[in-house]
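Undergrad: Okay, sequence plus prediction incoming.
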Amino acid sequence: MAAPVSLQVEFGGGAELLFDGVKKHQVTLPCQPEPCEYQNLLDNSKERNKAGDIRNLLKWIKQNLLKERPELFMQGESVRPGILVLINDADWELMGELDYKLQDQDNVLFISTLHGG
């Protein structure tokens, strides 16, 4: 089994308003079984179970932290265009986006660039 992963998850640029105004959350993702080797050989798609990736973090955030208007934060299984994602101060596009394997003590920051006017 995979070990639980502790992360700091932050929201800024107005995104925190969707999370009861709380900017910083200390999160421990529960451990989930690793996919077996045989299953990995059969399933090379990106749909297989990846317990500790950003994709599953976003699902967890939606189920546990997001308080209102999920359409302003999520689009499909990813964040909406206009939400910047930084992993340990680096753009998630450089880290593999949804497939980035989370490490213990990572800092994941979501910044909204979407503003009314």
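TA: That came through, no problem.
Undergrad: Please name every helix or strand in contact with the helix or strand hosting L7.
TA: Assigned by DSSP states H and E, L7 falls within strand 5-12. Contact analysis of strand 5-12 by 3 or more C-beta pairs under 8 Å, 6 or more residues apart in numbering; DSSP states H and E lists strand 24-29, helix 54-64, strand 106-112 as its packing neighbours. Placement of C-beta: from N, CA and C, glycine included.
Undergrad: if we go to 7 Å?
TA: Judged by 3 or more C-beta pairs under 7 Å, 6 or more residues apart in numbering; DSSP states H and E, strand 5-12 is in contact with strand 24-29, strand 106-112.
Undergrad: helices or strands up against the last one?
TA: Here strand 106-112 is seen to pack against strand 5-12, strand 83-87 when contacts are counted using 3+ C-beta pairs under 7 Å, 6+ apart.
Undergrad: any chance of the ones you listed in TSV, plus mean neighbour count and mean pLDDT?
TA: TSV is the format used below for the helices and strands packed on strand 106-112 (neighbours: other C-beta atoms under 10 Å; pLDDT from 0 to 100):
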stretch	mean neighbour count	mean pLDDT
strand 5-12	18	96
strand 83-87	18	97
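Undergrad: Output those as a markdown table; include the columns distance to K59.
TA: A markdown table is the format used below for these (distance: least, C-beta to C-beta, whole Å):
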| stretch | distance to K59 |
| --- | --- |
| strand 5-12 | 13 |
| strand 83-87 | 15 |
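Undergrad: Having no further points to raise, I will conclude here.
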